[in-house]
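Student: Predicted model and sequence follow; I will ask about them next.
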Amino acid sequence: MPLRIVNRSCGDCSACCVTLDVAELQKPAHQPCKFLRKGCSIYDARPQVCRAFDCAWLHGLYGLTGAQRPDRLGLIVWASDATIQVAETRPGASKEKAGRTVLYALARRNVHVRVHEMEPK
Ligand code: SF4
Ligand code: SF4
């Protein structure tokens, strides 16, 4: 079980089920998963990649308030391959004041940060 620094839950956020690609389901990035209803409709049978995914907000690695939850902030932050990955859930969110604040805080930790910007629709 991954270390949880603070006791947070996803609540009604489902940003990762929309923004991230899931190869096992042929789900492309930035499209809602076909199993997403009010939560995951195949929760007990969801792919391993879904089981393993926890974003950095959920772990309390940034953000003191619920305002920085990924669906509200417009950014999902997670660690992968010794890099902090940041994906926009809303076009331009990484350039908004709240998004830049999170990115600067991550950069101060002297880690490699990769930002995945979202094309405007
Ligand atoms: S983006 Fe984070 S808080 Fe939102 S549903 Fe995924 S793991 Fe939970
Ligand atoms: S299978 Fe479930 S947990 Fe995985 S992306 Fe789809 S809705 Fe989300």
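Tutor: Now that the structure is in, tell me what you want to look at. Ligands and ions are numbered 1, 2, ... in the order given.
Student: Let me know the secondary structure of residue 29.
Tutor: coil (DSSP: H, G, I helix; E, B strand; the rest coil).
Student: For ligand 2, see how far away it is.
Tutor: 11 Å (C-beta to the nearest ligand atom, to the nearest Å). C-betas here are computed from N, CA, C, even on glycine.
Student: Next: residue 63.
Tutor: On the measure of C-beta to the nearest ligand atom, residue 63 and ligand 2 end up 21 Å apart.
Student: so what's that residue up against?
Tutor: Contact analysis of residue 63 by C-beta atoms under 8 Å, 6 or more residues apart in numbering lists 57, 69, 73, 102.
Student: one more time with 10 Å
Tutor: 6, 8, 56-57, 69-70, 72-73, 77, 98, 101-102, 105 (C-beta atoms under 10 Å, 6 or more residues apart in numbering).
Student: Among these, show me the least confident.
Tutor: Comparing pLDDT over those, the lowest score belongs to residue 6 (71).
Student: out of the contacts of residue 63, which are inside strands?
Tutor: Among the contacts of residue 63, the members found in strands (DSSP state E) are residue 77.
Student: The most centrally placed residue in the chain - nearest residue in space that isn't next to it in sequence?
Tutor: By C-alpha atoms, centre = their mean, the mean C-alpha position of the chain lies nearest to residue 76, the distance being 2.7 Å. Distance criterion C-beta to C-beta, 6 or more residues apart in numbering; nearest residue to residue 76, sequence neighbours excluded, is residue 70 at 4.4 Å.
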